[in-house]
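Colleague: Here you go, sequence then predicted model.
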Amino acid sequence: MIRNYLKIAFRNLAKSKVYSFINIAGLAVGMSVAILIGLWINDEVSANKHHKNFETLYQIKMHQTFDGRRGTQDAIPFATGPELKNKYPDFQGVAMCDWGSSRSLVVGNQKFLKKGHFIGEEAIDMFSFEILDGDKKPLKEPYSIVLTKETAEALFGKNNPIGKTVKMDNLVDLKVTAVIASQPKNATLQFEYLIPWQLQQKIYDWMKGQESNWGNNSYQAFVQLKDGVSPEKTNAKIKDLVINHFRDNELMVKTIKPEVFIHPMSKWRLYSNFTEGINSGGFIKYVRLFGIFGLFILIIACINFMNLSTARSEKRAKEVGVRKAVGSGRKQLITQFLSESLLISFVALLFSVILVAIALPFFNSLTEKSLRMEFGNPVLWGILLLFTLFTGLLAGSYPALYLSSFNPVRILKGVVHVGKNASLPRQVLVVIQFSFSIVLMIGTIIIYQQIQHGKNRPIGFDNKSLISVDATKDLVDKFEPLRNELLATGMVSSICKTNSPPSEIWSNNSGWEWKGSTPDEKGVIFSTIATSYDYTKTLGIELKAGRDFSTEFVSDSNGVILNEAAVKRMKLKDPVGEIVKWNGKDRRVVGVMTDIMLDSPFRATSPVTVVFEKDWVNCLNVRINPNVSSSEAIQKIKPIFDRYNPGFPFDYKFADAEYAKKFNYEELIGNLSAIVSLLAIFISCLGLFGLASFMAEQRTKEIGIRKVLGASVTTLWGLLSKDFVKLVVISFVIAAPIAYYIMTIWLEDYKSYMIKIQLWVFAAVLVLLVAITLLTVSYKAIRAALLNPVKSLRSE
C-alpha cells in the first residue's frame, strides 16, 4: 500500500513540474534557513556544557549601589578567593582569575603574542580541562605555564614542549608543565595559555599587598559547589563577604551596600544582564527571537504547499471521487495525501542539506562561529528525520483533510466548483504569510536605522590615523627617548600614555568630592583615564575650557581634566581652577573637554575624570601624521618599537577599527534579520507566483469572454492582480501595529540614544511589497490577458 502511495506521489510530482518545483524550492529554502538557525541556537544554548562540572560551577558576582542605581559586576577584590576558600566549606574549589590579556611568549628567536590568564591552580580540575600531556596538577608551581595544543605547536613545532622554557613578557622564564586541549568557540573562558595565579605577586610590585585590599575590584573568581550544597543557602552565607570588611565605613554600609552572590555557569552566556540587582535575561532574547524567525520561515514555506495543493483541488477532485466510489475510505485518502507531502518534504530535505552545506561558510563568517553539520552523528539524522516529518505533516495536514472531504456523488456529477468560499482559507494563509514578512521587513529597517544612528553619533575624538600599542615595562621605562625618535621620523605627530585604549574605559572609580557634594555622592562612579602629557592633542579632543596637562606647570601632577558630563554631574558653573578631591587628595581642575564616546554608542555619555598619573600606564597612543599613509608610517615606526621593545612582536590596533567593533552585536542581529526577511519574501513570492499561475489557468475562459466583449490588456491585468494586492494591503494592516509594538520594545534597550519610529518606514514597506506583488503576478496575468480568445473559447 505504501509503495502504491509513493508511486502515485511520484507520478503527481512528474505531472505538475512547475507546482512541484515551487513546493520543493519553497520547502527547501525554508528548511535550510530553519536548520541554520537551529545550528546557531544549539551552539548558543550548549555553551559551556562541555565542562563536566557544568551543574556545579559558578562565578562570583557583586551588587553595589552607586548614585541611586543598583548595579551588578563581575569585578571583585583580590582577597575574595582566599577568604572563600578558608572560611566557607560549601566550595569544592575556588579559582581566582584575571581578565586575560595578550602577553609575549618567546622561545629562542620566535616571538608570539598570545592571549591567556593568570588563574588559580584548582581551575584545571574545576573546569575539567583536558590534559593531553604533562603534569596532572600543572599550575601548582608558580614559575610554570600551561599551553594549549595550538600554542605548543606554534612555539615548539613537533617537539615535545614538556619541561621546556618559555620567556614571558621579557620578564620571567616559565617551565611548560602541561599541554591541554583548546576550548570550544562557545566556551566563556577562552585562552591560549594559563599561568599560576600566585606568580603575579612575585613578578609585579603593584600586586603586593592586594591580598588585604578589599577596595580594589579588579579580578574575577570562579567556584565549584560541593555536591548537594544549596546555591540559595550559599548566597545567604557569602552575601556580606565584602561589607564585613567595611563595617566602620558609613558610605559602604548605608549607600553602596555591596552584596556578593554566585551566578551559575548555565546562565553565563544567555542570562548575563541584571537590572537593579535582578537577573533580567540577556542574549537569550535573541535566541528566542531567531527561533521564532526560523519557525516563521518554515510556516511560510508550508503555507505555499497548502495553498497550491488546495488551489489545484479541482484537478484532483475526480481522482478523489473515483477512489471513494471504489471503496477508499477517508483515512486512506488522508494517508495518500500525507505521503505525497512527506515525499516532497524528504526531497526538499535533500536539497536543503545541500543549501546548508553551501551557505554554512558564509553563515559562519557572519556569526563568527564554527558551526558544522556532523553527518556521521546519528543524533543529527534523528533530529532531521523528526524535523522533516513535522514539516511534511504540517504542510500536508490541511490539504489532506480538505481534499479527502469531497463528496464523491457531487464530484462524479461534475458539480464541484471552487468558488469564493473555497478560496477563503487560501486567502487567510496568504495574509498570514505576508504578515510575517512585513513584520520582518519593518523590523530589519528599524534595526538598520538604529545602527546608523549610533554610527553617526559624534564620538568626541578623532579615531582616524590613531593606533594604540600595549605598554610594556621597556616601553614605559624608555618612553621619552622612544617618543623623541618617533616624532623625529615625521611619521608621527603626537604620542601619549594612558591606562586604557582610545575608545575604551578600563577603570571606574568613586571617592570623588567637590564643592557642594554630599557624603553619599562619594559613591558616584566616574570613568577614569590616567595619562600624563598630550592626551587631548593625540586623541584630537576639543577643550571647552582651560588646557591640557603641561610640563610648564609643576602643579599639574595633581591636576584633573573633566568632561562635560562630569561638570554637569558635579554642578560646577566655572570648573577651571576648582579644587576637587579624589580619595581625600586635592586635585585642581585644569581643563574641561568635550564628551567622548568610550562606552556603548547607544548609552548616555559617562562622566569622565582625566587624572595626571605618570606610572599608571597600559597603552601608548600614537597619532600618525595625516600627511602620510598609515601603511608607510607603520613600516617606518616598526623598527623603532622593535629596538626599544625587543622581547615583544610589534602589535598595534587602529582606534577606528576597534570602535567599529562596538556595533558587532547589533550588526549581527541586523544582518540575520535582513537575510531572514529577504528569504521570507522570496518564499512568499514563490507561492504567489504559483497561485497566480493557477488563477490564470482557472480563469482562461472568463478572460477570453472579456476580451471578446472589448476588455483591454490593462483592464484584464488589473482584474487579475487586484485580488493579490488586496491581500497584501490586508496583511500590512494586520502586521504594521504588531511590528510597531515589537520594535518599540526592542528599542527600549537603547533608550539613552535611540531613534524614533517614523511613518515613512511603514509606507515604504507597503509600496515595496505592492510593487513586488505586482511584479510577481504580472508575468502570468499579462500572459493570460494576451492569450488569443479563439483558443480559450474553442470548446464552448
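Modeller: Arrived safely.

Colleague: how far away is the closest residue to Y286 other than its chain neighbours from I681?
Modeller: Of all residues not flanking Y286 in the chain, I669 sits nearest, at 6.2 Å (Cβ to Cβ, 6 or more residues apart in numbering). The way it works is simple: take the backbone N, C-alpha and C, and place the C-beta from them, glycine included. I669 is 19 Å from I681, where distance means Cβ to Cβ, to the nearest Å.

Colleague: Between the two, tell me which one has more neighbours.
Modeller: Counted by other Cβ atoms under 10 Å, I669 and I681 do not tie: I681 has more neighbours, with 23 against 19.

Colleague: From E504, how far out is that one?
Modeller: 39 Å.

Colleague: can you check P264 too?
Modeller: Here the criterion is Cβ to Cβ. By it, P264 lies 29 Å from E504.

Colleague: try V179
Modeller: 33 Å.

Colleague: Of the two, give the one with the bigger neighbour count.
Modeller: Between V179 and E504, counted using other Cβ under 10 Å, V179 has the larger neighbour count: 23 against 16.

Colleague: Can you give the contact residues for stretch 287-300?
Modeller: 26, 29-31, 33-34, 37-38, 40-41, 44-45, 270, 391, 394, 432-433, 436-437, 440, 672-673, 676, 679-680, 683-684, 687 (Cβ atoms under 8 Å, 6 or more residues apart in numbering).

Colleague: Same check on stretch 245-262?
Modeller: Here stretch 245-262 makes contact (Cβ under 8 Å, 6+ apart) with 58-66, 76, 80, 214, 223, 225, 231, 234-235, 238-243, 277, 510, 519-520, 522-523.

Colleague: Kindly check the end-to-end length of that stretch for me.
Modeller: Start-to-end span of stretch 245-262 (Cα to Cα, to the nearest Å) is 19 Å.

Colleague: give me the number of residues near the closest residue to S101 other than its chain neighbours?
Modeller: Of all residues not flanking S101 in the chain, K115 sits nearest, at 6.8 Å (Cβ to Cβ, 6+ apart). Neighbour count for K115, taken as other Cβ under 10 Å: 13.

Colleague: need the next SSE after the least confident helix or strand in the chain by mean pLDDT, C-terminal direction.
Modeller: Counting by mean pLDDT, DSSP states H and E, the chain has its least confident helix or strand at helix 408-413, which shows a mean of 58. Moving toward the C-terminus from helix 408-413, the next helix or strand (DSSP states H and E) is helix 420-455.

Colleague: Report the buried residues of that following helix.
Modeller: By neighbour count with 16 or more other Cβ atoms under 10 Å, helix 420-455 contains the buried residues 423, 426-427, 429-451, 453-454.

Colleague: What segments of the stretch 501-650 of the chain are helices?
Modeller: In the stretch 501-650 of the chain, helices defined by DSSP state H, counting those that start in this stretch lie at 535-539, 564-570, 630-644, listed in chain order.

Colleague: Most tightly packed of those?
Modeller: Neighbour counts (mean count of other Cβ atoms under 10 Å) averaged over each of the helices of the stretch 501-650 of the chain peak at helix 535-539, with a mean of 22.

Colleague: shaky segments in the stretch 601-750 of the chain?
Modeller: Within the stretch 601-750 of the chain, the segments meeting pLDDT under 70 span 693-700, 703, 707-708, 713.

Colleague: what does the chain give?
Modeller: Ranges of the chain meeting pLDDT under 70: 1-16, 309-330, 395, 398-423, 693-700, 703, 707-708, 713, 780, 784-796.

Colleague: Buried residues in the helix or strand encompassing the residue nearest to Y286, which are they?
Modeller: Element membership for I669, per DSSP H and E: helix 664-698. For helix 664-698, the neighbour count (16+ other Cβ under 10 Å) marks 666-667, 669-677, 679-696, 698 as buried.

Colleague: I'd like to know which of the helices of the stretch 501-650 of the chain lies nearest to L380.
Modeller: Closest of the helices of the stretch 501-650 of the chain to L380 is helix 630-644, at 46.1 Å (criterion: Cβ to Cβ).

Colleague: for the helix or strand just after the closest one, packing partners?
Modeller: Note on helix 630-644: by DSSP H and E, the next helix or strand toward the C-terminus is strand 653-654. For strand 653-654, the elements it packs on are strand 466-470, judged by 3 or more Cβ pairs under 8 Å, 6 or more residues apart in numbering; DSSP states H and E.

Colleague: hang on, the earlier thing: please name whichever of the helices of the stretch 501-650 of the chain is nearest to P458.
Modeller: When the helices of the stretch 501-650 of the chain are compared (using Cβ to Cβ), the closest one is helix 564-570, at 12.0 Å.

Colleague: Relative to the whole chain's centre, how far out is that closest one?
Modeller: The chain centroid and the centroid of helix 564-570 are separated by 33 Å under Cα atoms, centre = their mean, to the nearest Å.

Colleague: And that helix, what does it pack against?
Modeller: strand 585-593, strand 608-612.

Colleague: Dump the ones you listed into a markdown table; add distance to F387 and mean neighbour count as well.
Modeller: Formatted as a markdown table, the helices and strands packed on helix 564-570 follow (distance: least, Cβ to Cβ, whole Å; neighbours: other Cβ atoms under 10 Å):
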| stretch | distance to F387 | mean neighbour count |
| --- | --- | --- |
| strand 585-593 | 57 | 19 |
| strand 608-612 | 52 | 22 |
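
Colleague: Kindly check the end-to-end length of stretch 89-100 for me.
Modeller: The first and final residues of stretch 89-100 sit 28 Å from each other (Cα to Cα).

Colleague: Phi and psi next, for the residue lying closest to E564 once chain neighbours are set aside.
Modeller: Leaving aside its sequence neighbours, E564 sits nearest to D595 (Cβ to Cβ, 6+ apart; 5.0 Å). When read as degrees, to the nearest 10, the backbone of D595 gives phi -70, psi 130.

Colleague: cool, and D135?
Modeller: Note on D135: backbone dihedrals following degrees, to the nearest 10 are phi -70, psi 140.

Colleague: so where does the closest residue to it other than its chain neighbours fall, helix or strand?
Modeller: In this structure, D135 finds its nearest non-sequential neighbour in T177, 4.6 Å apart by Cβ to Cβ, 6+ apart. Per DSSP H and E: T177 is located in strand 172-180.
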